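Colleague: this one's structure only:
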């Protein structure tokens, strides 16, 4: 899915808005937006909370973490 972050794609598969996901993990909607657009990397605790909220197993969590990190590094 060109132009759409991995996190956004997974979030949409779960039919969650940014507000819904933010509420589930205890962050602001703007934090989710920044993570999805690559403006911010999630901390390890936030990444774990995202994985829990989105029911990701360890393999998918690792893939999401690599995707977010690679996207952010490519924009520097």
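Modeller: Here it is on my side, so go on. Since the structure is predicted, the reported quantities are computational estimates derived from the model, not experimental observations.

Colleague: tell me which residues are up against the helix ranked longest in the chain.
Modeller: Assignment by DSSP state H gives helix 58-74 as the longest helix of the chain. In this structure, residues lying in contact with helix 58-74 by C-beta atoms under 8 Å, 6 or more residues apart in numbering are 5-7, 10, 35, 38, 41-42, 47-48, 50-51, 56. Quick note: C-beta positions are derived from backbone N, CA and C, even for glycine.

Colleague: now that helix: buried residues?
Modeller: Judged by neighbour count using 16 or more other C-beta atoms under 10 Å, the buried positions of helix 58-74 are 61, 64-65, 68, 71.

Colleague: stretch 26-39 too?
Modeller: Within stretch 26-39, the residues scored as buried using 16+ other C-beta under 10 Å are 27, 31-32, 35-36, 38.

Colleague: ok, back up a step: tabulate the contacts of helix 58-74 (TSV), appending pLDDT.
Modeller: Formatted as TSV, the entries for the contacts of helix 58-74 read as follows, by pLDDT from 0 to 100:
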residue	pLDDT
5	83
6	88
7	92
10	93
35	92
38	87
41	89
42	90
47	92
48	92
50	94
51	93
56	92
